[in-house]
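**Student:** okay, predicted coordinates and the sequence, questions at the end:
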Amino acid sequence: MTPATWILIANASRARLYRQHGRSGSWRTVQEFQHPESSAMGRDLRTDRPGRVQQRMASGRSAAAEPHVPPKRLEAAHFARELATQLSASLRDAGAARLVLVAPPRFLGLLRKELDAPLRAHVVESLNADLTSVGVAELPKRLTELRTTL
């Protein structure tokens, strides 16, 4: 018996997790995720200016504490971490399964970075695309098209 395939369709602000039984089985929505902070304007996410630390280096120069990371990128990283945690729990509860990740390149990179080793072992395919606005009836066709163009 072929294990179920879980398909995560995501971008930095929303995601849907589907389950498919068999290669040609129907898709069932398992869970939907929203992270509106990732699509907020950068100025709306800032609460204060980043702090600075005065340090004297051996040469007598001072250095700033940390590089600036745009708030939207931080929120996307938080969402990727949240998704990875949820995926780990879901796959652990469901038993062995195959996992397909579909997300735009930058977010896919953030998501991969957050996957732990047991979860990475389930990933059978990763596709660079934002299909979050595609309906469930159209998704299998779109994934097939993506796979043939790669």
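**Tutor:** On my side now, so go ahead.

**Student:** from residue 36, how far off is residue 78?
**Tutor:** Distance of residue 78 to residue 36, computed by CB to CB, to the nearest Å: 12 Å. C-beta here means a position set from N, CA and C on the backbone, and glycine is covered the same way.

**Student:** so which of these two has more stuff around it?
**Tutor:** Neighbour comparison, residue 78 and residue 36: the larger count goes to residue 78, with 16 against 10 (by other CB atoms under 10 Å).

**Student:** I'd guessed that one sits against residue 13; true?
**Tutor:** No. Counting by CB atoms under 8 Å, residue 78 stays clear of residue 13, with 11.2 Å between them.

**Student:** any common contacting residues for the two?
**Tutor:** 35, 37 (CB atoms under 8 Å, 6 or more residues apart in numbering).

**Student:** could you give the average pLDDT over stretch 89-106?
**Tutor:** The average of the pLDDT scores along stretch 89-106 is 88.

**Student:** ends of it, what's the gap?
**Tutor:** 24 Å (CA to CA, to the nearest Å).

**Student:** do stretch 126-143 as well
**Tutor:** Its first and final residues considered, stretch 126-143 spans 11 Å by CA to CA.

**Student:** which helix or strand lies directly C-terminal to the helix or strand of the chain with the lowest mean pLDDT?
**Tutor:** Scoring the helices and strands of the chain by mean pLDDT, DSSP states H and E places helix 42-45 at the bottom, with a mean of 49. From helix 42-45 onward toward the C-terminus, using DSSP states H and E, the following helix or strand is helix 71-94.

**Student:** buried set for that next one?
**Tutor:** For helix 71-94, the neighbour count (16 or more other CB atoms under 10 Å) marks 71-72, 75-80, 83-84, 86-88, 90-91 as buried.

**Student:** how about stretch 127-134?
**Tutor:** For stretch 127-134, a neighbour-count test (16+ other CB under 10 Å) marks 127, 129-132, 134 as buried.

**Student:** I'd like those as JSON lines, with secondary structure, distance to residue 99 and pLDDT appended.
**Tutor:** Listed next are the buried residues of stretch 127-134 as JSON lines, based on DSSP: H, G, I helix; E, B strand; the rest coil; distance: CB to CB, whole Å; pLDDT from 0 to 100:
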{"residue": "127", "secondary structure": "strand", "distance to residue 99": "12", "pLDDT": "95"}
{"residue": "129", "secondary structure": "coil", "distance to residue 99": "16", "pLDDT": "96"}
{"residue": "130", "secondary structure": "coil", "distance to residue 99": "18", "pLDDT": "96"}
{"residue": "131", "secondary structure": "coil", "distance to residue 99": "16", "pLDDT": "97"}
{"residue": "132", "secondary structure": "coil", "distance to residue 99": "17", "pLDDT": "96"}
{"residue": "134", "secondary structure": "coil", "distance to residue 99": "19", "pLDDT": "95"}
